[in-house]
Each structure stands twice: as structure tokens, then as C-alpha cells.
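S.K.: Model the following, please.
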Amino acid sequence: MAAEFYKEKEHAFITIGKDIKEGNIPRLVLLCGKEDYLIRFYADMLIKKYVSDACRPIDLVTLEGDFLSLDKVKESLETVSLMSERKVVFLPEFTPAAGKAIKGFGEADVKGLIDYFKDIPEGTLLLITASEIDEAKAKKNKVRTAVEKHGKVYDFQALNDSQLQNFIEKRFRGAGKMYSPSTIRLIMSESGYGNKAIDYSLYNLENDLRKIIAHSGSEGQITPEDVKEVLASNPENNVFAMLDAIGRNRKDEAFRLLHNLLQAGTPVFNLLRLITGQLELILTVKEMREEGMTPAQMQKALGIHQFRIKKAMAVTGQYSMKDLRAALCAAYEVDENIKTGLLDGQLALEYFIAGL
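M.R.: This is a model prediction of the structure:
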């Protein structure tokens, strides 16, 4: 899988932080990538840095939808700012920068915009954002290539372990909170970040960190109890615990966890996707372990955070290869039974646990 997840290079959020601090932001900037939270965060930061609040209605021009045209982009950039450090023209979610068409802005307009990049006036900033640029097609993307030539691209990909740790610690320091390394590791392990089977992004992590900070109250130290209290409802953790209970032949505990997940409102198909994903991960990790691979090698091959690998490794000893493959086949069968209407969702999951 994506070894690119762990590219040994400075992450864009570190680079842009340095460039802002050192005054190295050019006249043309593209913020793109998979981490929409970081794209929006740094778009807001650049706007706040260069545009005076008092002059915001004039010195910040946002062009999208029916307001977007090549002439309006040029006209807006060529009108000087009043009292701001720069005039900022903002093109949010400009899909041609992600290699996709946009209504009302044809190929001729895109070509005209690219030609104009070299002529952007001094004292202005053309700020473009675009999510989910296909890395395989990045070199063929004319907009991105032109921005790289005349300005700068900040590509916000998923955070690796050290970057994720930096992200969490920065939020705690900003709130004036102390923390231990073990507490940070607990958050990285128990949050859903990096698990493609669930919808858990940096937006979710940021929200959970705020809850953890609030839960700590007036105390200056973030404790493991604060973390566990906030993250206890994470479906991924409960699914891991459920599979662990099944492996220890504690069906009563597994049923209790299943019912807790369903009562918490976890949709049946989301839950089934989590169960299938966790079983696939446990089986893969077990196979890699028997082949003699280290956790670091697994991490590089799978492109997931080391804490998810460690959690999977903790469960592998409770299942044989045969049992894991049988469990996966049973999970796939449950999915089919529910979709064909053969069994009710909750009943199908109960049969699944009972049969393991």
C-alpha cells in the first residue's frame, strides 16, 4: 500500500509555518492535499496575516461559483489594497487545481489564468485551495505545475507518527496544559486518526483534543483518565475490544460491546466495515509477523500508524491463521445476508459473534 504515507520529508504544515515566520510567502500559493483541515487552517492564517480586519471587505476578494471569472481574478489582483499588507484574492476549492473541470470556467479560462500567473502584481496574493489532488496525476496537472513554477505549492498529506505527535502537543501547549509522553501515545493509539475504515479526520481529532482539554478543567496536567473518558466512545476501540473478547472466548463481553456500539447509534454497515477492516489488519499483521517483519517494516509497507499495528499485534496471539480467515469469511457473509435482506442487521451481527 501507500508507502508515500511515510515519505521522509518535511511536512507542508512545517514548511508553511517557517515560510510565514520568515516572510517567504510568494504572490501565488496553492494549498492542496488530503488534509482538508490543514488546508482551511492555513488559508485562514494567510488571510489573517495579510488582510487588515478593518479593510477585509475590500482587501479580501473571494471568487467562487457565479462570481468566478478570469476577468474578475485579474481585476481584483490589479486593484491595490487600502491599508492591508497585501491584497488577497481567494479561490476556494478551485477544482482545476485538482485536475477537474469547474462549471463556468472553461479550458480557455484556465489557460488564461495560468498565463497570468507570471504577471501577478507585487503586494498581492492569489490564494488557491484544492482538496484531494491525485498524486499520480500531479505532474500532468497544468495548474499545479504552473503554481510550482511561479509560486509555491503546499501539499498537506496525512500526518505520520512524529507529525501527529507534534500536532497534538502544539494544541496542548497552546492551551497551557502539561502532558506526559505516555498520554500523547495514548491519544495516538485510541483516536481513529489513520484508520481508513472510519470517517475520522484532523477535524475530529481537533474536536476530541478540545474535549480532553475541557475535561481536564482547571488542572494544569492532561491525564490518561481525561483521554480515556473522551475517547471511550470511539467505535474502533470498542471493535478491537470486541474482537479481543472473542479471542479470549468471552462471548458475554463481546455481546455487551456490540450492543453498546449499536445503542450509541453506530450504523450497522459502519460497524461491519470496522469489524472487517480490523480482521483484515490483524490477519495481515499476523502474516507479516510470521514472515519475520518488524513493526517498523510493517508500518512502511502498510502506510498506517504504528499504534494501529501494535494494537493488532496484541490480538494476533489469540487467533490462528485458520480462525482469522474463517472470521473474515463469516464477516463477508454477514454483509451479504444483510444486503440481501436475509437477516436483520443486529441479528446478523449477533449470529456472527456467536459463531466465532
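S.K.: contacts and neighbour counts: CA atoms only from here.
M.R.: Will do.
S.K.: now the strands for the stretch 1-150 of the chain?
M.R.: In the stretch 1-150 of the chain, strands defined by DSSP state E, counting those that start in this stretch lie at 28-33, 60-62, 87-91, 124-131, listed in chain order.
S.K.: The ones you listed: which one's closest to Ser218?
M.R.: When the strands of the stretch 1-150 of the chain are compared by C-alpha to C-alpha, strand 28-33 sits nearest Ser218, at 37.0 Å.
S.K.: Next, format the strands of the stretch 1-150 of the chain as JSON lines and append distance to Ala331, mean neighbour count and mean pLDDT.
M.R.: Shown next, in JSON lines, are the strands of the stretch 1-150 of the chain (distance: least, C-alpha to C-alpha, whole Å; neighbours: other C-alpha atoms under 10 Å; pLDDT from 0 to 100):
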{"stretch": "strand 28-33", "distance to Ala331": "33", "mean neighbour count": "24", "mean pLDDT": "96"}
{"stretch": "strand 60-62", "distance to Ala331": "48", "mean neighbour count": "19", "mean pLDDT": "97"}
{"stretch": "strand 87-91", "distance to Ala331": "45", "mean neighbour count": "25", "mean pLDDT": "97"}
{"stretch": "strand 124-131", "distance to Ala331": "33", "mean neighbour count": "23", "mean pLDDT": "95"}
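S.K.: wait, which of those is closest to Val147?
M.R.: For Val147, the closest of the strands of the stretch 1-150 of the chain is strand 28-33, at 6.7 Å, according to C-alpha to C-alpha.
S.K.: ok, residues contacting the closest one?
M.R.: 39, 43, 117, 120, 125-133, 144, 147, 150-157 (C-alpha atoms under 8 Å, 6 or more residues apart in numbering).
S.K.: buried sites along stretch 344-352?
M.R.: Gly345, Ala348, Leu349, Glu350 (16 or more other C-alpha atoms under 10 Å).
S.K.: Need the nearest residue in space to the last one, chain neighbours excluded.
M.R.: Leaving aside its sequence neighbours, Glu350 sits nearest to Phe255 (C-alpha to C-alpha, 6 or more residues apart in numbering; 7.2 Å).
S.K.: And that neighbour, how far from Val268?
M.R.: For Phe255, the distance to Val268 under the criterion C-alpha to C-alpha, to the nearest Å works out to 14 Å.
S.K.: Same check on Tyr200?
M.R.: 17 Å.
S.K.: who has more neighbours, the two?
M.R.: Neighbour comparison, Tyr200 and Val268: the larger count goes to Val268, with 18 against 15 (by other C-alpha atoms under 10 Å).
S.K.: Outside of the longest helix belonging to the chain itself, list whatever touches it.
M.R.: Of all the segments assigned as helix in the chain under DSSP state H, the longest by residue count is helix 268-290. Contact partners of helix 268-290, identified using C-alpha under 8 Å, 6+ apart, comprise 197-198, 235-236, 239-240, 262, 298, 309, 312-313, 315-316, 321, 324-325, 327-328, 331-332, 335, 345-346, 349.
S.K.: So which of those residues are in helices?
M.R.: Assigned to helices by DSSP H, the following of the contacts of helix 268-290 qualify: 235-236, 239-240, 262, 298, 309, 312-313, 315-316, 321, 324-325, 327-328, 331-332, 335, 345-346, 349.
S.K.: Can you turn the buried part of those into a ChimeraX selection?
M.R.: Selecting only the buried entries of the ones in helices among the contacts of helix 268-290 in ChimeraX, with 16+ other C-alpha under 10 Å as the criterion:
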select :235,236,239,240,298,309,312,313,315,316,324,327,328,331,335,345,349
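S.K.: What's opposite the closest residue to Ser81 other than its chain neighbours in the beta bridge?
M.R.: Setting aside the residues directly before and after it, Ser81 is nearest to Lys87 in space (C-alpha to C-alpha, 6+ apart), at 4.9 Å. Note on Lys87: beta-bridge partners Thr124, judged by DSSP bridges.
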